[in-house]
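Visitor: Pasting the sequence and the predicted model now:
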Amino acid sequence: MDNNIENAVAARRALLAEMLKNGEPVAVTATGEVMDTQEAAEQGLSNIQPPEGKLA
């Protein structure tokens, strides 16, 4: 895999992990793709919002 792609994937994973750790809402499609929560709401999809501090 290209180093730029690997860096982008790592950054996206880190952002997702940080959002989950902070209890921020995260929208995930049935295929596992993370999407913007506002866009998900417009499409009638629900968000995942874990309790703050519950994920390590």
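Guide: Now that the structure is in, tell me what you want to look at.

Visitor: Only the buried residues of stretch 16-34, if you could.
Guide: 19-20, 26-27, 34 (16 or more other CB atoms under 10 Å). Yep, even glycine has a C-beta here, placed from its N, CA and C like the rest.

Visitor: where does this protein have low pLDDT?
Guide: 1, 50, 52-56 (pLDDT under 70).

Visitor: can you rerun that using 80?
Guide: The model of the chain has pLDDT under 80 over residues 1, 23, 30, 32, 46-56.

Visitor: Quick one: the helices in it, in order.
Guide: With DSSP state H as the criterion, the chain has helices at 3-21, 37-42.

Visitor: out of the ones you listed, deepest packed?
Guide: Greatest average neighbour count among those goes to helix 37-42 (a mean of 13), per mean count of other CB atoms under 10 Å.

Visitor: So which elements touch that helix?
Guide: Other helices and strands packing on helix 37-42, by 3 or more CB pairs under 8 Å, 6 or more residues apart in numbering; DSSP states H and E, are strand 27-28.

Visitor: Name every strand pairing with the strand it packs on and say which way it goes.
Guide: strand 34-35 (antiparallel) (DSSP bridges).

Visitor: Now the residue positioned nearest the centre of the chain: closest residue in space that isn't a chain neighbour?
Guide: Residue closest to the mean C-alpha point of the chain, counted by CA atoms, centre = their mean, is Leu16 at 4.1 Å. Once flanking residues are discounted, Leu16 sits nearest to Val34: 5.9 Å by CB to CB, 6 or more residues apart in numbering.

Visitor: How much space separates Thr31 from Leu45?
Guide: 12 Å (CB to CB, to the nearest Å).

Visitor: and of the buried residues of stretch 16-34, the nearest to Asn7?
Guide: Checking these against Asn7 by CB to CB gives Val34 as the nearest, at 17.2 Å.
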